[in-house]
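>>> requesting a structural model of the entry that follows:
(chains A and B)
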Amino acid sequence: MNDKAQLYTLEGLIAAVLVTITLLAVAQSSVVITPQTDNFLEVQMKQKINDALVILDVTPDTAIENNLTECVASWNTSTEASYGKDNLETLDDQLEIMLPDLMYNVEFAYVENSNVVVKNTVFNGAPTENSITATRLVTLSNSTVNSYGGTWMIPDDELKVVEVRLTAWHV
Amino acid sequence: MDDRGQIALDFLFGMALFLIAFIFTMQFVPGLFVSDSTDETGIAFTAYRTASILSEDPGWWENSTKKGTDWEDHVSSSTRIGLAVDTIPETRLTDTINLLSMDKSLRFMQLDEDTVVTKLGLYDSINGKHIRYGYNISINQDGNPILLNDTLFVRGEINTDSVDVFKIERLALVETGTFGEYDAHSIYSTGNANTTTLSINGSQKGKMVIDISNFTTTSPNSSFENIYINGTLLSDSTDYVVYLKNSSNGFEPYSPPIMSDNTLRLEIYPMIFGNSSLVDIEFEDVTFAAGPAMEYTTSKEPFYELAQMMVKVWK
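Presented below is the predicted three-dimensional model:
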């Protein structure tokens, strides 16, 4: 009988133990590697800017004078913010109180003549790689626009939906 | 030689090693599937969940016949604790996230430790045994706990040793009192024409905030003077603060004069109201028509202020 290239019981078991240990080591380390604390910081920031938009949207007049709809309605659609030149100060003032240690930009996105238009309304600089965006939809009618002095052109029997995008990052 | 009935030494070694390997494997494999709840990330989830429930959920209670979100009136049968405002307690509406109710918050401060820990899930379950997490929940303004009625909103312990603490901050509008808005032409003076009187029937919870606009001024130097409650003079800044809004600015700390198109806001702190009180607001060179004291209770609505809710959890 030819016994060459055969494994004996002893060697076989040692090999099996080695394979098992290796598998366990690999499986366990790959579970641990996920960087949870980094994720958590992002969750915290996302939560905070989302809160800021929600609060601006639901606030009664007695707590914050200009709510999100009023801020959007009062916007002059022909302007665009650039560095050091805001064009929606009421919104910026409120966000500054709510997000004291963050930098942020605000964009409005809406459909005009079947095109999506995105415009800066509060601009504090270019966001970094780790920036996070929260959004909130605001519905405008002609009467809201008229009472807050914006320049949106909305027919009386139509509504316009504007997406407010708040992008924030740590300095 | 007869070899039958013998066990090779080889086989003995092999069997022993196999058994060792087998036991080793059996012990390690279940460890692979242990959930996150026993390590640090479990605390992070707990902190996140606690903050979300408190700020977004109005809570829930139920017994065999009734149920609703007004758990603050049914603590013993409450199933969930939340602080969000509920306008219709019978429904499960969750459209009032980030608006926190004063009644619920005050009740939350009075709950016993066990209820808070169990209802908010501030514990780890290891082999069926509950191991309590350390926690600290507060609602802050400018870094200090907010005063609701006469209770500081902070509960839990202070973390003394700097072990891993997971904290999450939520922004919220907190109900801190009641608000009433008046046209100076529809509130009256019961004596001196420069003083108007409001009456509070029943108890007043939290701050009392009064906006008055459309003044009848008799000189360019009209000013606000004093507030009396049941004849007692209140002291400025410790008992109340005054703000003024003119046509170009929002509310700013008060400085005279008052113009007829200005709005005056008085924020009177709690603790100084009796059960039914008369509030006299005295001006100079402002006149009110004679008439009965206006009732504050009928025209009030909740008053909210921006604050940060901080939830910290550690082992």
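
>>> low-confidence regions, the chain specifically.
Answering for chain A, as no chain was given. A:1-7, A:29-38, A:86 (pLDDT under 70).

>>> actually it's chain B I care about, not the one you picked
Looking at chain B by pLDDT under 70, you get B:1-7, B:30-41, B:160-162, B:271-275, B:298.

>>> who does the longest strand along it touch, helix- and strand-wise?
Counting by DSSP state E, the longest strand found in chain B is strand B:166-183. Using 3 or more CB pairs under 8 Å, 6 or more residues apart in numbering or on different chains; DSSP states H and E, the elements in contact with strand B:166-183 are helix A:36-58, helix B:40-56, strand B:99-100, helix B:102-110, strand B:147-148, strand B:207-213, strand B:301-314. Any C-beta I mention is one placed from the backbone N, CA and C, and that applies to glycine too.

>>> highest average neighbour count across these?
strand B:99-100 (a mean of 28; mean count of other CB atoms under 10 Å in any protein chain shown).

>>> please name the nearest non-neighbouring residue to residue B:197.
Spatially, and ignoring its direct neighbours in sequence, residue B:197 is nearest to residue B:293 (4.1 Å; CB to CB, 6 or more residues apart in numbering or on different chains).

>>> pretty sure that neighbour is touching residue B:189, no?
No. At 9.2 Å, residue B:293 does not count as touching residue B:189 under the criterion of CB atoms under 8 Å.

>>> can I get the helices and strands packed on strand B:166-183 in JSON lines including distance to residue B:178?
Formatted as JSON lines, these follow (distance: least, CB to CB, whole Å):
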{"stretch": "helix A:36-58", "distance to residue B:178": "19"}
{"stretch": "helix B:40-56", "distance to residue B:178": "22"}
{"stretch": "strand B:99-100", "distance to residue B:178": "15"}
{"stretch": "helix B:102-110", "distance to residue B:178": "9"}
{"stretch": "strand B:147-148", "distance to residue B:178": "13"}
{"stretch": "strand B:207-213", "distance to residue B:178": "6"}
{"stretch": "strand B:301-314", "distance to residue B:178": "6"}
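
>>> and residue B:176, how far is that from residue A:125?
Between residue B:176 and residue A:125 the computed distance is 35 Å (CB to CB, to the nearest Å).

>>> more crowded one of these two?
residue B:176 (29 against 12; other CB atoms under 10 Å in any protein chain shown).

>>> okay, the more buried one and residue B:305: tell me how far apart.
5 Å.

>>> okay, and the common contacts of those two?
Shared contacts of residue B:176 and residue B:305, defined by CB atoms under 8 Å, 6 or more residues apart in numbering or on different chains, comprise residue B:146.

>>> does the residue sitting nearest the centre point of chain A sit in a helix, a strand or a coil?
Central residue of chain A (CA atoms, centre = their mean): residue A:133, 1.8 Å from the mean position. Taking DSSP: H, G, I helix; E, B strand; the rest coil as the rule, one finds residue A:133 in the strand state.

>>> surely it touches residue A:167?
Yes. Taking CB under 8 Å as the definition, residue A:133 is a contact partner of residue A:167 at 4.5 Å.

>>> ok, the residue nearest to the centre of chain A - contacts?
Counting by CB under 8 Å, 6+ apart, residue A:133 has contacts A:165, A:166, A:167, A:168.

>>> against residue B:276, how distant is the nearest residue to residue B:207 once chain neighbours are set aside?
Spatial nearest neighbour of residue B:207, chain neighbours left out: residue B:177 (2.9 Å); criterion: CB to CB, 6+ apart. The gap separating residue B:177 from residue B:276 is 17 Å, by CB to CB.

>>> ok, these two, which is more surrounded?
residue B:177 (22 against 13).

>>> what's across from that one in the sheet?
Beta bridges link residue B:177 to residue B:207, residue B:303, judged by DSSP bridges.

>>> ok but residue B:204 is inside a helix, no?
No. Assignment of residue B:204 by three-state DSSP gives coil, placing it outside any helix.

>>> who does the helix or strand harbouring residue A:136 pair up with?
Using DSSP states H and E, residue A:136 maps to strand A:132-141. Strand A:132-141 has the following sheet partners, assigned by DSSP bridges: strand A:159-170 (antiparallel).

>>> got the contact list for residue B:307?
B:139, B:140, B:141, B:146, B:171, B:172, B:173, B:174.
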